[in-house]
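J.: Predicted model follows, preceded by the sequence.
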Amino acid sequence: METNSNFLYCKSCKSKISKDAPTCPHCGIQNPFYFEEMKKYKGVDILHYLISFGLAFMTTGILAILPIDLERGYLMFAIFVALYVSFFVLGIILSKKVGKAKKQEYSSLMQKVCEENNDIQAYATWNNIMDSIIS
């Protein structure tokens, strides 16, 4: 089979289509190559910031119920910052771990489709695009 780095295979109907196609022209599925799914795992988004801030704020808020003097105020601020950074880093680690697992899952699915079509070039192209999305 002729190979061309401008074409990939749809994850649903396995038809050969342009790598830039947002929708498969054969079956109509949106995001025929898993690229949009992987963009969710690219990095930290605004929701990640808000969750980290919210968790740190709520945890520190529990301490705010106690009587506060100036020294305790500094301590609460330090605890808030430490919690925020901890939740933020934990979120990054989990996001990358889940993203890596998803990439492996999608990779094995796309590799199978490309091998069925004897088109290893298409798999290499897909892998390069996926790597550029998650790096």
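T.: Sure thing, it's come through.
J.: show me where the protein has strands.
T.: Using DSSP state E, the strands of the chain run over 7-9, 16-18.
J.: Any chance you could list what contacts stretch 20-36?
T.: Stretch 20-36 is contacted from outside by 8, 10-13, 15, 17, 19, 37, 106, 109-110, 126, 129-130, 133, using Cβ atoms under 8 Å, 6 or more residues apart in numbering. Just so you know, the C-beta spots here come from the backbone N, C-alpha and C atoms, and that holds for glycine as well.
J.: which one among those gets closest to residue 55?
T.: Nearest to residue 55 among the contacts of stretch 20-36, counting by Cβ to Cβ, is residue 37 at 25.9 Å.
J.: Do I have it right that the closest one meets residue 103?
T.: No: with contact defined as Cβ atoms under 8 Å, residue 37 does not reach residue 103; the gap is 9.7 Å.
J.: If you count surrounding residues, which of those two has more?
T.: residue 103 (19 against 16; other Cβ atoms under 10 Å).
J.: pLDDT score assigned to that one?
T.: Here the pLDDT value assigned to residue 103 is 86.
J.: Give me the distance between it and residue 115.
T.: Distance of residue 103 to residue 115, given as Cβ to Cβ, to the nearest Å: 18 Å.
J.: now do residue 124
T.: Remark: distance between residue 124 and residue 115 (Cβ to Cβ) = 12 Å.
J.: swap in residue 34?
T.: Distance of residue 34 to residue 115, given as Cβ to Cβ: 17 Å.
J.: again with residue 94
T.: 32 Å.
J.: Could you do residue 83 as well?
T.: Computed as Cβ to Cβ, the residue 83 to residue 115 distance reads 48 Å.
J.: Same drill for these two, tell me which one is more crowded.
T.: Applying other Cβ under 10 Å to residue 83 and residue 115 shows that residue 83 carries more neighbours, namely 18 against 12.
J.: so that one makes contact with residue 54?
T.: No: contact status for residue 83 versus residue 54: not in contact, 10.7 Å apart, counting by Cβ under 8 Å.
J.: Indicate which one of the strands of the chain is closest to residue 59.
T.: Among the strands of the chain, strand 7-9 comes nearest to residue 59, with 45.7 Å by Cβ to Cβ.
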